[in-house]
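K.L.:
Based on what follows, work out the 3D shape:
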Amino acid sequence: MADDTHQFCKIFLRSVEQPDIMRMLAALLGGEFQRRSMHLTDLTVDVLKNPDAEMNDDFVCWPTFVELEAEDGATNEQITETAARIIMAMWDAEIPAVAACSFEDELPWRGGIARLGP
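P.N.:
A predicted model of the protein is given here:
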């Protein structure tokens, strides 16, 4: 990777509708899912069921998450921009989203957590 400090991001969603999430992301990012993965230039996007769902009310136990993984050649800006677009699109669709990654402070609403309130 050209600049590898932003290699991975997990975005937790308070939604159980994985097919709907995949359709939204395919339209938003201009790609196509094969099973649960979409390969973009220098990024892989996966939509997965959270095995820890419903263990408690914390966002890390929301039912669905999106994983972004940078490929060789990806820049910090690419993964940051993609994560920001996903978070904003989810909130615009009234689906709470919170990112867990090393760069969440660079994302809208501090990765979405600031939008949840105190």
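K.L.:
on contacts alone, who are the packing partners of the lengthiest helix in the chain?
P.N.:
In the chain, taking DSSP state H as the definition, the longest helix is helix 76-92. On a contact count with 3 or more C-beta pairs under 8 Å, 6 or more residues apart in numbering; DSSP states H and E, helix 76-92 meets strand 8-13, helix 18-29, strand 43-49, strand 64-70, strand 97-101. C-beta: built from backbone N, CA, C; applies to glycine.
K.L.:
Let me see the mean pLDDT of it.
P.N.:
Averaged over helix 76-92, pLDDT sits at 95.
K.L.:
In this structure, where is pLDDT below threshold?
P.N.:
1-5, 117-118 (pLDDT under 70).
K.L.:
Any idea which of the helices and strands packed on helix 76-92 gets closest to residue 83?
P.N.:
Closest to residue 83 of these, according to C-beta to C-beta: strand 8-13, at 4.8 Å.
K.L.:
Show residues contacting the longest helix of the chain.
P.N.:
3, 5-7, 9, 11, 13, 15, 24-25, 28-29, 40, 42-43, 45, 66, 68, 70, 96-97, 99, 101, 103, 106-109, 111-112, 115 (C-beta atoms under 8 Å, 6 or more residues apart in numbering).
K.L.:
orientation of that helix relative to strand 64-70 in degrees?
P.N.:
160 degrees (axes from the mean of the first three to the mean of the last three C-alpha atoms, to 10 degrees).
K.L.:
Can you give me the buried ones in helix 76-92?
P.N.:
Across helix 76-92, burial judged by 16 or more other C-beta atoms under 10 Å covers 76, 78, 79, 80, 82, 83, 84, 86, 87, 88, 89, 90.
K.L.:
before we move on, what about stretch 11-27?
P.N.:
Buried residues in stretch 11-27 (16+ other C-beta under 10 Å): 11, 12, 13, 14, 15, 18, 21, 22, 24, 25.
K.L.:
Cool, thanks, signing off.
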